[in-house]
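> sequence? don't have it. structure:
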Ligand SMILES: [Cu+2]
């Protein structure tokens, strides 16, 4: 009996290992993260044990930006101009990729990208590494307000994926004012937005020109924080018409490893248990 339950537990652990072989934002806590240091989910929501799974893979979108829409009840407070020491848990760094960090003052309707890292984002991070740090600076003119802070990542190697985690922060800055950055670039989201093919080697086209082409956006927050306006109109996010749409299915080898590991280990365990019973 004991052996059977051990077998089942091991199998569950292995499945978890396969599921959890990606990356997530862990500092500040992404919504409903299961880490003990993160707050419990807001009322009516559940812990998310897959915060590190992509929201899109192979051009198939399975989750919305941020994954969850209800903000945490308690926000982490940062001062305008302060660098946030953001942290990431690494299941597979996928050879790095392109990162964007964005703020929304209106509950995820309008985004302003405040920092971008092309190609090298999370490059060299090791599987199993936790809280890999990347400093992200809140613009010093960012007005005060309750803000959604989003990390968006396009991986360099593997299934064509898009990652998105959001944290709930409060910025303490000026009372009313505006913050300028660029519009969010959504690629690898679904086929409408286009797919950036793998860029494993130096010199491979990584389509950074799409990021260079993002239009500036200014978000204006009225004093005491609530109403906002933005220029240009946020109803049309940068959707690159020139984005390459090929190779959605290319490069699944990065995810093959855990699968092979899972299958072979399961067989080994089954074999060992059969041997034992004979
Ligand atoms: Cu992955």
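Perfect, thanks for sending it. The structure presented is a predicted model; accordingly, all values stated were derived computationally and were not measured.

> Please report the distance of the residue in the chain that the ion sits nearest to from residue 163.
Closest residue of the chain to the ion, Cβ to the ion: residue 22 (3.5 Å). For the C-beta atoms, the positions are set from N, CA and C on the backbone; glycine is no exception. Distance, residue 22 to residue 163, by Cβ to Cβ, to the nearest Å: 7 Å.

> who touches both of those two?
Contact criterion Cβ atoms under 8 Å, 6 or more residues apart in numbering; residues shared by residue 22 and residue 163: 52, 54.

> between these two, who's got more neighbours?
Per other Cβ atoms under 10 Å, whichever of residue 22 and residue 163 has more neighbours is residue 163, with 27 against 24.

> strands paired with the helix or strand in which that one is found, and their directions?
Residue 163 belongs to strand 161-172 when assigned by DSSP states H and E. Strand 161-172 has the following sheet partners, assigned by DSSP bridges: strand 56-57 (antiparallel), strand 76-79 (parallel), strand 145-155 (antiparallel).

> thinking residue 230 is in contact with residue 215, fair?
No: judged on Cβ atoms under 8 Å, residue 230 makes no contact with residue 215 at a distance of 11.4 Å.

> Quick check on those two: which one has the bigger neighbour count.
Neighbour totals were compared for residue 230 and residue 215, and residue 230 leads with 21 against 11 (other Cβ under 10 Å).

> Write down the beta-bridge partners of the residue nearest the centre of the chain, one by one.
Central residue of the chain (Cα atoms, centre = their mean): residue 164, 2.9 Å from the mean position. Residue 164 has these beta-bridge partners by DSSP bridges: residue 152.

> In contact with it, which residues?
Neighbour list for residue 164: 55, 63, 65-67, 150-153 [criterion: Cβ under 8 Å, 6+ apart].

> buried set for the strand holding residue 163?
Residues 161-169, 171-172 are the ones in strand 161-172 that count as buried (16 or more other Cβ atoms under 10 Å).

> which of those sit farthest apart?
Spanning the widest gap among the buried residues of strand 161-172 are 161 and 172, at 34.3 Å by Cβ to Cβ.

> And the strands in the stretch 51-200 of the chain?
56-57, 60-61, 76-79, 83-90, 97-104, 112-117, 132-137, 145-155, 161-172, 177-182 (DSSP state E, counting those that start in this stretch).

> for this structure, which spans come out with low pLDDT?
The model of the chain has pLDDT under 70 over residues 1-20, 225-227, 233-278.

> For it, which residues are neighbours of the ion?
By Cβ under 5 Å from the ion, the residues of the chain that approach the ion are 22, 92.

> Counting neighbours, what do you get for the nearest residue to residue 31 once chain neighbours are set aside?
Excluding its sequence neighbours, the residue lying closest to residue 31 (Cβ to Cβ, 6 or more residues apart in numbering) is residue 68, at 4.3 Å. Residues lying near residue 68 (other Cβ under 10 Å) number 19.
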